[in-house]
Each structure stands twice: as C-alpha cells, then as structure tokens.
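> Sequence and predicted model, in that order:
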Amino acid sequence: MSRRRATSALVASPVLVGAVTVLVAMISVFLAYNANNGLPFVPTYDVKAELPGGSNLVVGNEVRLGGFRVGVVEKILPGKASAGERARNVAADDRQKAIAVVVLKLDKQIEELPVDTRLQIRPRSALGLKYVSLTPGRSRETFTAGDTIPLKQSLKPTELDDFFNIQNDEFRTNLRTVYDGYGTALAGRGQGINEVIRTLNPFLSHLQPVMTALSDPDTELRNLFKEAGRTSAQIAPVANTYAQLFVNMGTTFEALSRHPDRLQGFIERLRPTLDVGIDSFRVQRPFLRDTARLSKALRPVAVEIERSLPLVADAFEVGTPVQAKAPILYRNTRNVFSALDDLASNPNTLLGLSSLKRTLEVATPLVQHVSPFQSVCNYWNYYWSAISEHVSENVAGGTGQRSISKSGNSTQDNRVNSTEADRPVDVPVGVDPKTATDPQGAALQALHGGAYVNAIDSQGNADCEIGQRGYATGPFVPDGRYKPSTNAAEGGGSHTVLGLPTGNSGPTYKGIELGIDNLEDVP
C-alpha cells in the first residue's frame, strides 16, 4: 500500500513529470542530431584520407564497404598535395593544387584496413548526394587509427554537372539529331533486332578465336596501323589517280550488273577455284617460309642498294656511251682470236715452239747460275741503284759517265789508262790513298776491285762476298807477287785488293732484311 502511494505521489507531481519530459526530449534531440556521426560513447576506428577534391561531400555522408554502411564522414579539411604526389598526379602548370582531407569515423568491425585500400567518391542519388566507397586491398600491412590513406589511392569521379557542362548548344542539337535518327531507324524493327540478338551468339562464338589470334603479340597487329599510315602517305601523291580508279571501277561494276547470269556463273566457279588455292597453300607454305627467310636476309642488301643506287645510276649513265663503243672492241677482239686461230693452225708455230723449248733447255743452266746473284744477293738491283751516280758527271749540255771523264796521272808509272803497266794501280805503302799526291800535287790512283765469285755455296747457303767486308789495307795476293812499294812513281802492292777472304760471307743486308739465308728461302 505504501509503495503504491509513493508511485502515485511521483506521478501526481506536475513539476517532476515536466522535468522528466524535458530531459527525455533533450536526450532524443541530442541523439537525433548526432545520429549521422554515430552514437556517442561508442568506440570507433578513425582514419584520414586525401582526396583530389571535396566532390560535394558534406559532413555526415556515409562510408560504405561492400555496399554496407561502415561509418560516416566526420570532418572535411583543406590540404595540399605533397611534392611526390604533385609530381605524379598534378599537371605541370598546376603544381600548387589543393586537395581535401576527410576524417572518417569507421566501425571497429573493419579495423586494420590494408594499406593498399582504395577510396572512391560515388553518387548515391541523381540529386547530388554522395558517399565514400572503400575497396580493401591484399596487403598484410594495415592502417592504424589516425593514419592517412594517400592521395594516389583515391579517385575523384566525374561529376554529372561537369558532364553536362561539356554539352554546348551545338552538341545538344547534334545529339537530338542522333537520337531522332536512331529512333527512326529502330522503330518498327523489333523482330529484326531480335533476329540480330539471336544470331549474335554463334557470331561471337566464331569471333572469339579470331580476336584471340588478333590479340596475340605474334600477329603484330600494332604494326598494321603504323604501316597503314605509311601506305596512306605513299598513296597521297597519287590520290587523284586512285579516285579515277574507283570511278572506273564503278563503270566496270555497272557493266557487270548488265549480265547477272554471267556474273553468277563466275561466282559459282569461284568457290572451287578458291578451294584449289587453299589446298595449294599447304604446298606453298615451305616456299613462303623460305621466301620470308630470304627476304629477311635481303634486308641489309636492300638498305645497301638504297644507299648505293645513286652511284650505280651514275655508273650506268657513264657506262652507256662506253657500251655503245663495245661492238668495235668486240670486232677487234674477234680479229685477235682469228689471228690466234691462224697462228695455232700454222705448221711453223709448232716448229717455233719446239725451238723455244730448246732455247729454254739451253738457257736453263745459265739462269740457274745467274739467278742466285739476283734472288739471293740482289746484285742486279744494287747495280742499277748506283747507276745514277755513275753517270752524274756534269758536262756541257748534261751529264756524262764518270769513268769516261777520269784521266790518269801522267807522272804515275802504273795508272788506270796506262797500257804498259806492270803493277796494279796503287799508292806507296804508308800513304793514305784518299789524299795521296805526286810531287807536283796531282792525285795518285789506287785500284780497289775484287773478282766475282759464287753467290751461294754448295749447300745453297747465301755467300754474297762482293762488297761484304770492304777492301783490305795492304796486298792480298797469296804468292806475294807484288811487294809493298815505297816509290811514289812506281806504286803498287800496298792497297790493291784482287780477291776477298775465303769462307761463307752470308747474305747481303737486303737478304738479311727479307730473311733469305738460303736459295730455298727464295719465293
């Protein structure tokens, strides 16, 4: 009874009832006001995200993941892209572009989002209401509370009003014309459209292997458009010719249309012809493969021909008049061969060749004896190398041979031009033959000479004695016939050399240079 009275007393108090009503109303208003921000005192998972722009977001917009609401937008703040993001995402003339930073209050159920989570602003209705869509990634690393989703993982959609802004009056007029044309074209053609849709299934079934082959990198379809551009550039100079070609083709097709029966017969016979051609491709395939290999090998040749063709053209231009004179050369050549034919058929030719053979048989021993003096010792070249000095004596009107211009010393008993000399031409002992003079001051003469000896020894080794050691001072006569003389008028026996020391003297300096030490070394 007492409890019922206490309850009745509380309800009977208007002040207390009014205070409770006001408190309940305030709590309801508070909860309704903060409904978009989540219930108070409920733990949340808060992260930030950088966006290219606000995109008409407002505080309280939903955040969805997989189509379900998982949070709300708590704040929208202005920001600026980092240097790396500006270099990667911002145009060169807009380096200081501002961005938006949103604070997302998310449910604890989706805490630890992967760090490669992507964020996108999506329209919720046609009236401009938006929401934030999250697409988790596959990374094992996660965002902790307070982390920021970087700008590179955010995407700003194209706004509907931006799309409509690109449609100026001319574009709208043209678009109406297009829609009207499509409407007129499709009106009353429902059955045909259904037939098209029905046949699309087998068409797409056959289209799939074709598109697979075209998308294969080995098909090199990307080169088709490049080469088509080059072909168009090459055809451009003859565009008028091609236009005339199509006009003529129109005339041709018009003529063909006058005889449909013959055209039908041609088409009927075309199928077997194509079948034969297709079957022949199997046989032609090795040929085409070899042709492709040959064409690839000829590419460097084609490049070289393109570079050398101007020179070849010049050669043809120069060679054309020469070829015009070629018949004269051919006639003269014919005369030469005719003369050779007459020579070969002449009986005396055989006799002459026989005599020539005999001449070679006789001359061979001479050549074999003389050849080492040239091939091993090089004496022939040495002789002609010094011949210019031999004829270098200045005379009236030119030069003369020095041996002719020399004259003997009349006071010298035994001299070069003496026919009664009884001793070799020489100077007394102890006198320098280069400066020796008689009492009257005339130069005395001396003979330095050696006899020609073998150029090789019995084994074929080089033995080039002439000029190898110079000329010895003093008499070199084994029997001592000419003793050294002290009489300036008589002379003789002091510096004369009539022979060289015995023994193998080896090759000349040229033979040493060429490495010719033996007759076998001669090429």
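Right, received. Where do you want to start? Computed from a predicted model, the values in this text were never measured in an experiment.
> what ranges do the strands span in the stretch 351-500 of the chain?
Assignment of strands within the stretch 351-500 of the chain using DSSP state E, counting those that start in this stretch yields the ranges 393-395, 398-400.
> gap between the first one and the chain center?
The reference is to strand 393-395. With Cα atoms, centre = their mean, to the nearest Å as the basis, strand 393-395 stands 67 Å off its chain's centre.
> Which neighbours in the sheet does it have, and how are they oriented?
Next to strand 393-395 in the sheet, as set by DSSP bridges, lie strand 398-400 (antiparallel).
> who's in contact with the strand it pairs with?
391-393 (Cβ atoms under 8 Å, 6 or more residues apart in numbering). (Glycine included, C-beta is placed from N, CA and C.)
> ok, 10 Å please
Here strand 398-400 makes contact (Cβ atoms under 10 Å, 6 or more residues apart in numbering) with 388, 390-394, 405.
> Could you check how far it is from the centre of its chain?
Relative to where its chain is centred, strand 398-400 has its mean C-alpha point 65 Å off (Cα atoms, centre = their mean).
> and if you look at stretch 287-304?
With Cα atoms, centre = their mean, you get 18 Å for stretch 287-304.
> Contacts for it next, please.
Residues from elsewhere that reach stretch 287-304, judged by Cβ under 10 Å, 6+ apart: 281, 284, 305, 308.
> Mind doing that once more with 7 Å?
Counting by Cβ atoms under 7 Å, 6 or more residues apart in numbering, stretch 287-304 makes contact with no residue outside itself.
> Tell me which two in the contacts of strand 398-400 are the farthest apart.
Spanning the widest gap among the contacts of strand 398-400 are 388 and 405, at 15.5 Å by Cβ to Cβ.
> sorry, back to before: may I ask which of the contacts of strand 398-400 comes out lowest in pLDDT?
When the contacts of strand 398-400 are compared on pLDDT, residue 405 comes out lowest, with 47.
> hmm, back to that, which one of the contacts of strand 398-400 has the most neighbours?
Scoring those on neighbours with other Cβ atoms under 10 Å, the highest-scoring entry is residue 393 at 15 neighbours.
> just to revisit the earlier point, the strands of the stretch 351-500 of the chain into a markdown table, with extra columns for distance to residue 67?
Listed next are the strands of the stretch 351-500 of the chain as a markdown table, based on distance: least, Cβ to Cβ, whole Å:
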| stretch | distance to residue 67 |
| --- | --- |
| strand 393-395 | 122 |
| strand 398-400 | 119 |
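> Which strand or helix spans residue 63?
Per DSSP states H and E: residue 63 is located in strand 62-65.
> Give the rounded mean pLDDT of that strand.
Mean pLDDT, computed over strand 62-65, is 91.
> Given it, what are its sheet partners and their directions?
Strand 62-65 has these strand partners (DSSP bridges): strand 68-80 (antiparallel), strand 130-135 (parallel).
> what pLDDT does residue 402 get?
pLDDT for residue 402: 67.
> no no, residue 493
68.
> for residue 199, same thing?
Confidence score, pLDDT, at residue 199: 86.
> name the element it belongs to?
helix 190-215.
> got a list of what residue 433 touches?
Residues near residue 433 by Cβ under 7 Å, 6+ apart: 427, 446, 495.
> Relative to residue 430, how far out is the closest residue to it other than its chain neighbours?
Spatial nearest neighbour of residue 433, excluding adjacent residues (Cβ to Cβ, 6 or more residues apart in numbering): residue 446 at 4.1 Å. Taking Cβ to Cβ, to the nearest Å as the measure, residue 446 falls 13 Å from residue 430.
> More neighbours: which of the two?
Counted by other Cβ under 10 Å, residue 446 and residue 430 do not tie: residue 446 has more neighbours, with 22 against 8.
> show me the residues around that one that make contact.
425-427, 433, 495.
> one more time with 8 Å
425-427, 433, 436, 495-496.
> Can you say which helix or strand has the residue most central in space within the chain in it?
In the chain, the C-alpha nearest the mean C-alpha coordinate belongs to residue 300, at 11.5 Å (Cα atoms, centre = their mean). Using DSSP H and E, residue 300 maps to helix 299-345.
> So for that helix, mean pLDDT?
85.
> And for stretch 237-253?
Stretch 237-253 carries an average pLDDT of 88.
> Sort out which residues of that stretch are buried, please.
For stretch 237-253, the neighbour count (16 or more other Cβ atoms under 10 Å) marks no residue as buried.
> what's the distance between residue 324 and residue 442?
For residue 324, the distance to residue 442 - Cβ to Cβ - is 74 Å.
> Need the pLDDT of the residue lying closest to residue 443 once chain neighbours are set aside.
Once flanking residues are discounted, residue 443 sits nearest to residue 437: 5.6 Å by Cβ to Cβ, 6+ apart. pLDDT, residue 437: 84.
> residues near residue 437, how many?
Residue 437, neighbours per other Cβ under 10 Å, totals 14.
> Show me this protein divided up by domain.
By the assignment in automatic domain parsing, the chain contains the domains 1-33, 44-157, 235-287, 376-523.
> Let me have these in TSV, adding distance to residue 366 as columns.
Listed next are those as TSV, based on distance: least, Cβ to Cβ, whole Å:
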stretch	distance to residue 366
domain 1-33	137
domain 44-157	96
domain 235-287	68
domain 376-523	14
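> among those domains, where is the model least confident on average?
domain 1-33 - the lowest mean pLDDT of the domains of the chain, at a mean of 64.
> on that earlier part again, most neighbours among the contacts of residue 446, which one?
residue 426 (28 neighbours).
> Who does residue 120 form a beta bridge with?
residue 133, residue 155.
> For residue 268, see how far away it is.
61 Å.
> So which of the two has more stuff around it?
Between residue 120 and residue 268, residue 120 has the larger neighbour count (other Cβ under 10 Å), namely 16 against 9.
> who's in contact with the more buried one?
For residue 120, the contacting residues are 132-133, 135, 154-155, 157, by Cβ under 8 Å, 6+ apart.
> Please apply the same query to residue 436.
427-428, 443-444, 446, 488.
> so which pair among these is furthest apart in space?
With Cβ to Cβ as the measure, no two of the contacts of residue 436 lie farther apart than 428 and 443, at 13.9 Å.
> the more surrounded of those two?
Just comparing residue 428 and residue 443: by other Cβ under 10 Å the higher neighbour count belongs to residue 428, 20 against 14.
> The more buried one contacts residue 495, correct?
No - in terms of Cβ atoms under 8 Å, residue 428 does not count as a neighbour of residue 495; the distance is 9.6 Å.
> thinking again about what came up before, out of the contacts of residue 446, the closest to residue 105 would be?
Using Cβ to Cβ, residue 433 is the member of the contacts of residue 446 that lies nearest residue 105, at 127.8 Å.
> Look up how far residue 495 lies from that closest one.
Distance, residue 433 to residue 495, using Cβ to Cβ: 5 Å.
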